[in-house]
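Enquirer: just to be clear, the model below is a prediction. Sequence and coordinates:
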Amino acid sequence: MEPLNQINTDADQPRSAPSLLAKSKYCFFNILSYYYSRAEAKMLLKRLSQRGRDLCQDTYLNLLKPLAYNLEIRSPQQIIVLHRFTNNFFFDDEIQLELYLDFNRLEERTVISLIKAIQDCSNIAILKVAGSPNPVFAHNLFEMLGTNKTIKEIDVNIEFFKPNNFLVLQHSLSKNSILEKISLRKCSVSNTDIELIVRGMNSNPSRPIKAFELHDIILPSQSIKALTSYLSEIDPKSFKEFSLSFVQNVDSDDLTLMLSKNQNLEKVHIRSCFFDKNLSLHNLKDHRNIQELLISNINIDSTLIQNLALTINETLIKKLIIDSCKGSIQDFAWVKLGNQIGQSQTLTHLEISNFASNNLHFLTAGIVQNKSLWTLIIEQCKLQTIALAPITNLVSQNKNLRTLKLGHNNFTNTLELLQLSKALALNQSILELDLNSNQHIPMEFYNFLQVNQSLRYLRMAMQSNHLQILLSILKDNHGLQSIDLMQTRFSYQQIEEIEKLKHVKIYYYDDKM
């Protein structure tokens, strides 16, 4: 591989000493060429230059910003662009840099150049790394973290590390005062490696680490207990967020113990983990600072639902998400959870999705009294029409509700849907409404759009013969910005009518595309 300073990425590279403007153009072209073809990039640059010969560096800088705040490096040749970018431009806002490379094929000098370019950039706040393993790269990356003053989040998706890599990481974590979040994905780590990470966190006097995520990591069963034990040692004053996903052989009692020892946790995400028994989270009610809980793709039961009700009653939780879970929940458990949600003054986001339950209406019956919800999402839950009445009352009474998503349910009663339409006509707070895949919406339902001027985004399925009625109503609605009708098939004549409506963007299925 050529030395970094000899890599020629463009035949049009200036040969004479370039001016500041020439450097700007050259760097801008290189950035553009990774988002467009080289021909398209040249044409864009030519058009920009034709607008005025006095284009200055600031002009190119402003044009570059929308692309540069999320940079991707996918080949070693792009490293020179990162060097030029960091040397020539200064950005007020933070940058996210993503590296997707075959690190195993990089020469050591290329690795060093890449790490130096990252270190030299004064605005990289989020660093995401994914690719084949390279112990030299991991060593230099973790060593760089010890002195880096800008990176707040690091996300590493590399399968293999050498033991001494984690020794370097431990040392860096003990010194770095900026890094706030660590995510490890698909890594084969031992309990010793986890211990080194936690020891590094706890030996840092400034305790900057607030979030720790483990995704799809490979751990032997005996290491899971050690993992939760070590995580219990993280300084509770700083540890705010914990996420665990796609991990097998997790002892639910060990996880509960870890959560109980970290009383200052604010955000807990548990996805697709295989527990020895159903998770209970019986002590979550003691977490006075818990603000967000996500449980996804795990087995749940009535005990967990009751404990969630206690958590809502005794904490200041703001966001609860139950996604793609399985289990049989008794009626009284849904009633208890619904009543606590109805009384909560802090819960602003409730989301239950992809959970087939024939008694979920016992939950919706209780939430009608809630005045704090900003977002209510109950999707793909086979929710029956009986659940619509309390939701309609919630729409009428809650002046804070911004998002309502009820897609992919079984609403068949025309009368209940019309009652919801009347409530939406009077509601002036909802910005987003989703009724997708509910095929029994009557044509009178759209009448609320004649009155409601607050709604911005609408997504639903409709009968194609209702289109003319909808379009005539939309002519007088100047609040709506977009409608998603992708699940409805329209004729070519109907598509022509849709395209005549200019002030509302309508997304529709076109089989010609």
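Expert: That came through, no problem.
Enquirer: from here on, just use CA atoms for contacts and neighbour counts.
Expert: Noted.
Enquirer: how is the residue lying closest to Lys399 once chain neighbours are set aside assigned, secondary-structure-wise?
Expert: Spatial nearest neighbour of Lys399, chain neighbours left out: Ser429 (6.0 Å); criterion: C-alpha to C-alpha, 6 or more residues apart in numbering. Using DSSP: H, G, I helix; E, B strand; the rest coil, the three-state assignment for Ser429 comes out as coil.
Enquirer: count of residues packed around Ser429?
Expert: Number of residues near Ser429 (other C-alpha atoms under 10 Å) recorded here: 19.
Enquirer: what's the pLDDT at Arg489?
Expert: Note on Arg489: pLDDT of 88.
Enquirer: that one is in what secondary structure piece?
Expert: Taking DSSP states H and E as the definition, one finds Arg489 inside no helix or strand.
Enquirer: which residue packs closest to it, ignoring adjacent ones?
Expert: The shortest distance from Arg489 to any non-neighbouring residue, by C-alpha to C-alpha, 6+ apart, is to Tyr509 (6.3 Å).
Enquirer: the one you found contacts Leu485, doesn't it?
Expert: Yes. Contact criterion C-alpha atoms under 8 Å: Tyr509 and Leu485 qualify, at 7.4 Å.
Enquirer: and the chain, what are its domains?
Expert: Here the domain parsing of the chain from automatic domain parsing is 1-67, 94-249.
Enquirer: distance between the helix or strand hosting Ala117 and the chain's centre?
Expert: Per DSSP H and E, Ala117 falls inside helix 108-120. Taking the mean of its C-alpha atoms, helix 108-120 sits 29 Å from the chain's own mean (C-alpha atoms, centre = their mean, to the nearest Å).
Enquirer: what average pLDDT does it get?
Expert: The model assigns helix 108-120 a mean pLDDT of 87.
Enquirer: helices or strands next to it in the packing?
Expert: Counting contacts by 3 or more C-alpha pairs under 8 Å, 6 or more residues apart in numbering; DSSP states H and E, helix 108-120 is packed against helix 79-88, helix 135-145.
Enquirer: mind telling me which of these the model trusts least?
Expert: Among the helices and strands packed on helix 108-120, helix 79-88 scores lowest, at a mean of 62.
Enquirer: worst average pLDDT in the domains of the chain?
Expert: Here the lowest mean pLDDT among the domains of the chain goes to domain 1-67, at a mean of 47.
Enquirer: so what's the residue nearest to Ser238 when sequence neighbours are not counted up against?
Expert: Distances taken as C-alpha to C-alpha, 6+ apart put Lys210 closest to Ser238, at 5.5 Å, once the chain neighbours are dropped. Neighbouring residues of Lys210 by C-alpha atoms under 8 Å, 6 or more residues apart in numbering: 180-181, 238-241.
Enquirer: determine which two of the residues you listed are furthest apart.
Expert: Spanning the widest gap among those are Lys181 and Ser238, at 11.2 Å by C-alpha to C-alpha.
Enquirer: which residues are in contact with each of these two?
Expert: The contact sets of Lys181 and Ser238 overlap at 209-210 (C-alpha under 8 Å, 6+ apart).
Enquirer: before we move on, the earlier item: if I look at the residue nearest to Arg489, how far off is Phe411?
Expert: 23 Å (C-alpha to C-alpha, to the nearest Å).
Enquirer: local confidence estimate at Ala68?
Expert: Looking at Ala68, its pLDDT stands at 52.
Enquirer: actually Asp511, not the one I typed
Expert: You'll see Asp511 listed with a pLDDT of 63.
Enquirer: just to revisit the earlier point, what does the next helix or strand after the helix holding Ala117 rub up against?
Expert: The helix or strand immediately downstream of helix 108-120 is strand 124-131, counting by DSSP H and E. For strand 124-131, the external contacting residues (C-alpha under 8 Å, 6+ apart) are 94-103, 118, 150-158.
Enquirer: same question, stretch 190-200
Expert: Taking contacts as C-alpha under 8 Å, 6+ apart, the residues outside stretch 190-200 that touch it are 163, 166-167, 169-174, 219-220, 223-224, 226-227, 230-231, 233-234.
Enquirer: how does it look with 6 Å?
Expert: 170, 173-174, 223, 226, 230 (C-alpha atoms under 6 Å, 6 or more residues apart in numbering).
Enquirer: go on, stretch 412-421?
Expert: Applying C-alpha under 6 Å, 6+ apart, the contact partners of stretch 412-421 are 392, 440, 445, 448.
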